[in-house]
Structures are given as structure tokens and as C-alpha cells.
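S.K.: Return atomic coordinates for the entry below.
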Amino acid sequence: MDLLEHYHTHPPQNDHYIVRKTTLPADGNINLYGARGCGKTALVLDYLKNRDEHTLYIDLEDPNLILSTLDTLPLQAFIEEYGIRELILDHYEPGMIDIFPDVSRIILISRTHVEEKGYQPIQLFPLDYEEFIAFEHSNSASAAFNHFLKAGTLPAMAGHTQNTTLKMKQFFQQQFSPNEQSLILILARYNTQPMTVHQIYTFTKEYFRISKDFVYSAVKRFEQEGLLYFIDNAIKRSGKKMIMYDFAFVKYLTAHQPFGTQFDSMIALTLIKHGIVVKTLGIHGYITSDNELIIPAPFESEESIWVKSQKKFSIYKKHGIAKITIVTVANNYAFNIEKLHFEAMPFNEWSIAHTESED
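M.R.: Numbers count the residues shown, from 1 in each chain. All right, here's what the predicted structure looks like:
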């Protein structure tokens, strides 16, 4: 059977799909992009279920294309013969195709944003907490939260109620090259720390024989992909706070991540996914463009936070803080110091409240 005909008559299926808030527009060329493991292919395969014979899906990582590249296949002739109106190209990388075929609509699926004129960019992140709990089978809010801590935000892990260690191992080995694996281990070890790329390279070469050029280019590529984030510091310019894209993946990669670090990472990633631009206020939390300070404090009591806030009050006034939100695991409380309002709420309430404020 001809390879294109095989793709047309045997589209892939996905039996494990977590419903996402991101949807694909009905018209126009699209570039769906996001970090590896965030669920791009699963989203498109779910979309594909409702398409007809006028849609053609091609996975550019299909091993059949190693010996027979897409450019050598009679794609345009096949499109015209079979009346293909919509072409979906998965695992696309810039430069893979010299000239795109003439077709009504193309969907490009890639890790990074493709700079092609006329394509609407749609970024897909790993799961946020609202997406996670929509698929969660636990009746208890605390059980759902504990599963979230364990499974993380990668859709392939979230659907498993059992230990995800083997899945994490497979993901790490299959999705990253050997040099990338070396670098990822160092990034995980220093997750949530203020870092420069030079520091990352210095720490990496202590353990691995790896070139400076590779480290610098890989860090840039990871950042473009959304696998790695650097958050500016509102107090000083050097050493942006580094956050990896999934806290459970980091936990798998290193034993050096205490719960406080994991919780901090969860809060930062929630803000990023909800499009809230923040800077760090030194070690004191995350400050938004509306001068709201968000403080990760998973287990601290109202009395403890009140005492610490009295000591830090001059810092809050100096930087024009208008409101302070303390994100906890389970505590709710509120108080004022002078005219500054402090409110604490559990992560599960806070993260969903931010989603609702977007809408």
C-alpha cells in the first residue's frame, strides 16, 4: 500500500485523553506548539476523531519517513486526487519542508513557535490544576491534591493512579538526547534557584564532558520550547529565577527537592500558564504587574506569617505592594497590617480562582 494512502486510511488513535481547555479554531492555518510531553499530539488526535476523509494526518517522526522523506512523496498529487482539504503535520521542525503543499488548511504541530506567515500560533502548556482535577477520579479534595503532587502536570503521567516512576524513566530516556539528559539533570538540581546560563554551564561541566556551545544553545532552545523559564528579579538584575516546566518530573530527576521547593515551583508554573506576568521580589515571593505579592507558604500558620510580615513590612512598602496573597496547602485566614491586606488560601482554591479571573 502507498505510504500516503496508509496514513489516510489508518489515522492513529489515542485511548488515553485528558480533556483540555485549549481548542483548535475551525478555520485558518494553525501552529500548535508547546514543550515535549504537554499533550499536543493527544489534543490533535482527539480533534481528528471528528474529521472526515478530507483530512490527512502525517506524523513526521514516523520511521517510514526515514527512508522515504515527505519531499520525495507525491503529496500534492495525493491531495488533489483524494480531495484533501486539511493537512496535519505532527512533530514539525522549521526547514523540514521546502514548499508547503497547496491545500485549504494546514495545522503544524511543533515544540517551538514556527515563524511562518499566516499561521495562528496556539501554545499548549502542560495541565493546570483545573484540567487535572477534571479528569481526577478521587472524591476527596485532599486525595486529588496529593495525586497532583505525585503525578505532576504531564498528561501521560496524570492518568495513572499507580507509581509513575517507570513512566518518568521512559519519558526521560525517549524524549531527550544523551547530552540533553546530562543538562536536564543539572537544571533539575538547581530548580527554583537564581541562575545564569554561565552558572548552568559551570555546574554541568563539573559532572559531564559537554561543550559550552551546546549548553548555551540547549538552554535557549529549552526556553523557547517552554521547558524552562527564567523569571526576572524586581530587586536586582543578576541571576533570574529558573523554573522547569513540571515539578513532578524534577522530583523524579533529583532527590534534592524539598516540598517547599516543589510548592514554590507549582505556584510559579500556575502563574505562567494563566498568562500572569510576574517578577520575583527577591526571596519574598512573586510580584504581579498589579503589585500583588504572592507568597508560597505551604504550612505556615497565621501567627507565623503575621510575625514575619511585621519584620518585612518596610520592604513591602518600599516596593509598593498593594495586596498580599499567601498560598498554602490547607490554611485559610486574612488580616491587615495598616492598610495592606493579607489573605491566605489553599493552592487548589487559589489556582482555580486565577483561572476564573482570566475568564
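S.K.: same question for the longest helix belonging to the chain, mean pLDDT?
M.R.: Longest helix in the chain by number of residues (criterion: DSSP state H): helix 302-318. For helix 302-318, the mean pLDDT works out to 95.
S.K.: Can you list the buried residues in it?
M.R.: Residues of helix 302-318 classed as buried: E302, I305, S309, K312, Y316 (neighbour count, 16 or more other C-beta atoms under 10 Å). Where C-beta positions appear, they are placed from N, C-alpha and C, glycine not excepted.
S.K.: Pick the one among the residues you listed closest to N179.
M.R.: Closest approach between the buried residues of helix 302-318 and N179, by C-beta to C-beta: K312, at 42.3 Å.
S.K.: Which residue comes closest to A268 once chain neighbours are left out?
M.R.: Distance criterion C-beta to C-beta, 6 or more residues apart in numbering; nearest residue to A268, sequence neighbours excluded, is I243 at 4.8 Å.
S.K.: Ok, R20 next?
M.R.: Setting aside the residues directly before and after it, R20 is nearest to L43 in space (C-beta to C-beta, 6+ apart), at 5.7 Å.
S.K.: wait, isn't the one you found in contact with I18?
M.R.: No. With contact defined as C-beta atoms under 8 Å, L43 does not reach I18; the gap is 9.4 Å.
S.K.: which of those two has more neighbours?
M.R.: Counted by other C-beta atoms under 10 Å, L43 and I18 do not tie: L43 has more neighbours, with 24 against 18.
S.K.: Give me the mean pLDDT for the strand or helix carrying that one.
M.R.: According to DSSP states H and E, L43 maps onto helix 40-48. Averaged across helix 40-48, the pLDDT comes to 94.
S.K.: Same question for stretch 174-182.
M.R.: Computed over stretch 174-182, the average pLDDT equals 96.
S.K.: got it, and stretch 222-238?
M.R.: Averaging pLDDT along stretch 222-238 gives 92.
S.K.: Now find how far off-centre it is within its chain.
M.R.: On the basis of C-alpha atoms, centre = their mean, to the nearest Å, stretch 222-238 sits 14 Å off its chain's mean C-alpha point.
S.K.: end to end, how far does that stretch reach?
M.R.: Stretch 222-238 has its terminal residues 20 Å apart, counting by C-alpha to C-alpha, to the nearest Å.
S.K.: what comes up buried for it?
M.R.: Applying a neighbour-count criterion of 16+ other C-beta under 10 Å, one finds F222, E225, G226, L227, L228, Y229, F230, I231, N233, A234 buried in stretch 222-238.
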